[in-house]
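In: The sequence and its predicted three-dimensional model are supplied below.
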Amino acid sequence: MFAEILENVRKTCPLIHNITNYVTVNDCANIVLACGASPIMADDENEVEEITSICSGLNINLGTLNSRTIASMKIAGKKANALGHPVVLDPVGAGASRLRTETAYQLLEEVQFSVIRGNISEIKTLASGNGTTKGVDADAADKATEENLGQVTAFAKAFAKKNKAVAAITGAIDLVTDGERAFCIYNGHPMMSSITGTGCQLSAMTAAFVAANPDHPLEAAAAAVCAMGLAGEIAHKRLTPMDGNATYRNYMIDAIYHLSPEELEKGAKYEVR
Amino acid sequence: MFAEILENVRKTCPLIHNITNYVTVNDCANIVLACGASPIMADDENEVEEITSICSGLNINLGTLNSRTIASMKIAGKKANALGHPVVLDPVGAGASRLRTETAYQLLEEVQFSVIRGNISEIKTLASGNGTTKGVDADAADKATEENLGQVTAFAKAFAKKNKAVAAITGAIDLVTDGERAFCIYNGHPMMSSITGTGCQLSAMTAAFVAANPDHPLEAAAAAVCAMGLAGEIAHKRLTPMDGNATYRNYMIDAIYHLSPEELEKGAKYEVR
Amino acid sequence: MFAEILENVRKTCPLIHNITNYVTVNDCANIVLACGASPIMADDENEVEEITSICSGLNINLGTLNSRTIASMKIAGKKANALGHPVVLDPVGAGASRLRTETAYQLLEEVQFSVIRGNISEIKTLASGNGTTKGVDADAADKATEENLGQVTAFAKAFAKKNKAVAAITGAIDLVTDGERAFCIYNGHPMMSSITGTGCQLSAMTAAFVAANPDHPLEAAAAAVCAMGLAGEIAHKRLTPMDGNATYRNYMIDAIYHLSPEELEKGAKYEVR
């Protein structure tokens, strides 16, 4: 089914509205193009309703948020909800500051998200207000591993149910669940954490995948996570001895550009729990 | 004559003030450096007059605009006019929201532009207020093709005349006209649309070309458009099977870095109408 | 000793808070990751105190500053001072506008910096209010050369002493001094000036080096400057004939990613005056 999901992105070329941070925004735009969709970035409160109206999906990312953009996130999110567009939340750094945590809480209250994608620390913060977040990276203690997978899956399912959203918790093992079924995804490469913004890019691409497959948000989000992980694997194989994280970042986007539906279907490594 | 135009950029190394979006700003800076000029980005209303005064050209780009930066665009544009510096307008997304369309109208009223560069949808919006813009990309229906070239050229000439500016309408065929003569430019590669910001980069580079050739804005803008298209061609030839849009983006800037005046002169494919 | 300094970065993986411009911010994040540290970008006044509190170093960069971010720089700088965290100042474009110059003065008054890194024009502006700055690049007339090295070293030492900070003045020859000893550094490659943001990247990396070596700010800053110069040399050797400044920029970050403590120790070219 993942092949069909990616095919739908390439066929429908959905336009995705991104309200996102200025650190990784260029990579987000290029990966959205790479997967076959089209990005537009707009964060002024006087235009976000109109912009999101001409799009078919919205991606809200809390990195480098400020009072001006927070207002725009809420306005755009509500508009997208009214139009029935899928909305993705990337709660970058939730737990690292009250501003980010509270903004995430407010967004969860005011906007119905289709997918919430973050690392385990961010999602735990959203779930309980008690996560400990080291900056924008996940705490090692919280990461999903073979040992605690059952526990983390149960947590993710409960979080998804409570928020009536697909939860995508990425780490060494990625978990994507709608509260009923959980995809435990084994794609990816450790070097992905040496690049800034692989999470942001994944969230933007997830919005594209879900927008092109509105009736299958769980599978679309899982397909996006597999695609990103596969890109990390494919890109890593291309590296020559002098290539580091900058070349790796380019190769990952290149890999998404060339990823065929068949390769995604075959390369996706997951089990459903 | 294009050879001389590029030589002048490399000789005079003009400093270009950019008020531009945060999506593609880094690529804009690097392509300005690649062509031999020097970029400075500044968007606070308390400094844009001074910054534009030490520069020899100004590039105003409406992507990710907000009320704060709109004010700065107007202040900087008027100051550049007062100093006789060329000013380029890139109306990114005009037609996609009232904020962008109205800001573009206001800028056209308050600032005299040397060059207005956009896709056909954006320029039609500026011309008539009736363009239909799909996000920041051009509508297929409006694009210049062999069939409608005469019609689009006439439209472009009228638009240029009305605005006393060079109009540069980029697409599969690019049109650059001052209202009298029109360069129909056949350089470029379809893959350029798979990268975010080739238009933004072209506008920034156009400001550099015009600043270094202030008496020949038409030819300078046409040379910049040819240079960008040539870079797209040269970069595409370098691609190996696993290279995608991220590598392509780097190779385009690399191609501008190495583009010699002679290569530009020889490689430029255009007719004058 | 430079080997140990880089080892400490890789061992302690310090989290670095960056309040920086939107032009080069992505490269800053990726080079901080490349050297072994971890970046977080946050510029809203309602979160910068908390964000800087969970970090071990702060990097303040004046590029694309605005009234909102200036307030945040001051708040974050004071908090970092209160916590004893090292703070780096990169006065991008000081001298180019009153806003930048005065903001730099205010920051020097209100915040105690560990390292101030800029080009000679920017540092002269900070020292005297009489520098002439051509945009964000240094004036040729001011640059440290073999001929005026004694004079520039004396200036740098006086500036460092007055500000009780390490001064890092980068150019063809780089000078790093705490007012007593001065490292005259001969690493680097002229092509580094064809990329936007090598200075910004160096400042971000310097914050990481100093944060991981808090008792040796002079040596840590000198090591960062040598590392950046070495990366410029290593990256240049990799270039093939069609590679330009975009590929060079990636290769520089790649070089930092692979730079071993031993290579840094061996490759650092400097004399102490």
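Out: In hand now; what should we look at?

In: Not counting sequence-adjacent ones, nearest residue to A:Lys164?
Out: A:Gln112 (6.8 Å; Cβ to Cβ, 6 or more residues apart in numbering or on different chains). Where you see a C-beta, it was placed from the backbone N, CA and C, and this is true even at glycine.

In: now do A:His258
Out: Take A:His258 and drop its neighbours on the chain: the residue closest to it by Cβ to Cβ, 6+ apart is B:Gly244, 5.5 Å away.

In: Who are the contact partners of that neighbour?
Out: A:Ala34, A:Ile253, A:Asp254, A:Ala255, A:Ile256, A:Tyr257, A:His258, B:Ser194 (Cβ atoms under 8 Å, 6 or more residues apart in numbering or on different chains).

In: which of the residues you listed are buried?
Out: A:Ala34, A:Ile253, A:Asp254, A:Ala255, A:Ile256, A:Tyr257, B:Ser194 (16 or more other Cβ atoms under 10 Å in any protein chain shown).

In: Show the average pLDDT along the lengthiest helix in chain A.
Out: Among the elements of type helix in chain A, defined by DSSP state H, the one spanning the most residues is helix A:217-238. Confidence for helix A:217-238, expressed as mean pLDDT, is 98.

In: Mind checking which of the buried ones among the contacts of B:Gly244 land in helices?
Out: Those of those mapping onto helices are A:Ala34, A:Ile253, A:Asp254, A:Ala255, A:Ile256, A:Tyr257, per DSSP H.

In: ok, back up a step: packing partners for the longest helix of chain A?
Out: Contacts defined by 3 or more Cβ pairs under 8 Å, 6 or more residues apart in numbering or on different chains; DSSP states H and E place helix A:217-238 against helix A:2-12, strand A:115-119, strand A:166-170, strand A:174-177, strand A:182-185, helix A:198-212, helix A:245-258, helix A:261-267.

In: Let's have these in JSON lines, adding distance to B:Pro39 and mean pLDDT.
Out: As requested, these are arranged in JSON lines below (distance: least, Cβ to Cβ, whole Å; pLDDT from 0 to 100):
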{"stretch": "helix A:2-12", "distance to B:Pro39": "35", "mean pLDDT": "98"}
{"stretch": "strand A:115-119", "distance to B:Pro39": "34", "mean pLDDT": "98"}
{"stretch": "strand A:166-170", "distance to B:Pro39": "36", "mean pLDDT": "98"}
{"stretch": "strand A:174-177", "distance to B:Pro39": "39", "mean pLDDT": "98"}
{"stretch": "strand A:182-185", "distance to B:Pro39": "41", "mean pLDDT": "98"}
{"stretch": "helix A:198-212", "distance to B:Pro39": "25", "mean pLDDT": "98"}
{"stretch": "helix A:245-258", "distance to B:Pro39": "20", "mean pLDDT": "98"}
{"stretch": "helix A:261-267", "distance to B:Pro39": "39", "mean pLDDT": "98"}
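
In: what about those, which gets the closest to A:Val23?
Out: When the helices and strands packed on helix A:217-238 are ranked by proximity to A:Val23, the top entry is helix A:198-212, at 7.8 Å, counting by Cβ to Cβ.

In: hang on, A:Thr103 in a strand?
Out: No: with DSSP: H, G, I helix; E, B strand; the rest coil as the criterion, A:Thr103 is helix rather than part of a strand.

In: mind listing what it touches?
Out: With contacts defined as Cβ under 8 Å, 6+ apart, A:Thr103 is in contact with A:Leu62, A:Leu65, A:Ile70, A:Met73.

In: Run a quick neighbour tally on the last one.
Out: Burial of A:Met73, expressed as a neighbour count using other Cβ atoms under 10 Å in any protein chain shown, amounts to 26.

In: Close to chain C: what parts of chain A are there?
Out: By the criterion of Cβ under 8 Å from any Cβ of the partner chain, the positions of chain A lying close to chain C are A:21-24, A:26-27, A:63-67, A:93, A:96-100, A:134-137, A:194-197, A:241-247, A:249-250.

In: For chain B, what's its nearest residue on the stretch 101-250 of chain A.
Out: When you check the stretch 101-250 of chain A against chain B by Cβ to the nearest Cβ, the closest residue turns out to be A:Asn250, at 4.0 Å.

In: quick one: is stretch A:187-194 near chain B?
Out: No: counting by Cβ under 8 Å from any Cβ, chain B has no neighbours in stretch A:187-194; the shortest distance is 14.8 Å.

In: who's in contact with that stretch?
Out: Contacts of stretch A:187-194 with the rest of the structure, by Cβ under 8 Å, 6+ apart, involve A:137, A:172, A:174, A:198, A:225-226, A:228-230, A:232-233, A:235-236, A:244-245, A:248, A:252, A:267-270, C:33-34, C:257.

In: Among those residues, name the buried ones.
Out: With neighbours counted using 16+ other Cβ under 10 Å, the contacts of stretch A:187-194 contain these buried positions: A:137, A:174, A:198, A:225-226, A:228-230, A:232-233, A:235-236, A:244-245, A:248, A:252, A:267-268, A:270, C:33-34, C:257.

In: Tell me the pLDDT of A:Ala140.
Out: According to the predicted model, the pLDDT of A:Ala140 comes to 61.

In: Checking the residue in the stretch 51-200 of chain A that chain B sits nearest to next. Helix, strand or coil?
Out: Taking Cβ to the nearest Cβ as the measure, the point where the stretch 51-200 of chain A comes nearest chain B is A:Ile51, at 5.5 Å. Three-state assignment for A:Ile51 (three-state DSSP): helix.

In: Name all residues that make contact with it.
Out: Contacts of A:Ile51 (Cβ under 8 Å, 6+ apart): A:His17, A:Ile40, A:Ala42, A:Ala76, B:Gly93, B:Ala96, B:Ser97, B:Gly135.

In: With respect to chain C, which of the residues you listed is nearest?
Out: Taking Cβ to the nearest Cβ as the measure, chain C lies nearest A:Ala42 of these, at 15.3 Å.

In: what residue ranges in the stretch 1-150 of chain A are flagged as low confidence?
Out: A:129-142 (pLDDT under 70).

In: now the strands for it?
Out: Assigned strands in the stretch 1-150 of chain A, in chain order: A:15-19, A:38-41, A:57-61, A:87-90, A:115-119 (criterion: DSSP state E, counting those that start in this stretch).

In: Dump the ones you listed to a markdown table, plus distance to A:Leu126 and mean neighbour count.
Out: Formatted as a markdown table, those follow (distance: least, Cβ to Cβ, whole Å; neighbours: other Cβ atoms under 10 Å in any protein chain shown):
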| stretch | distance to A:Leu126 | mean neighbour count |
| --- | --- | --- |
| strand A:15-19 | 18 | 28 |
| strand A:38-41 | 24 | 26 |
| strand A:57-61 | 13 | 29 |
| strand A:87-90 | 9 | 30 |
| strand A:115-119 | 7 | 29 |
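
In: Could you give the number of residues near the closest residue to A:Arg249 other than its chain neighbours?
Out: Once flanking residues are discounted, A:Arg249 sits nearest to A:Ile195: 4.5 Å by Cβ to Cβ, 6+ apart. In terms of burial, A:Ile195 registers 26 neighbours under the definition other Cβ under 10 Å.

In: my guess is A:Ile195 contacts A:Tyr251, does it?
Out: No: under the contact definition of Cβ atoms under 8 Å, A:Ile195 does not touch A:Tyr251, with a separation of 10.2 Å.

In: need the contact list for the residue nearest the centre of chain A.
Out: In chain A, the C-alpha closest to the average C-alpha coordinate belongs to A:Ser203, at a distance of 2.2 Å (Cα atoms, centre = their mean). If you count contacts by Cβ under 8 Å, 6+ apart, A:Ser203 has them with A:Cys28, A:Asn59, A:Asn61, A:Val88, A:Leu89, A:Asp90, A:Val115, A:Arg117.

In: which non-adjacent residue is nearest the residue of chain A found nearest chain B?
Out: The minimum distance from chain A to chain B, using Cβ to the nearest Cβ, falls at A:Tyr257 (2.9 Å). Once flanking residues are discounted, A:Tyr257 sits nearest to B:Gly244: 2.9 Å by Cβ to Cβ, 6+ apart.
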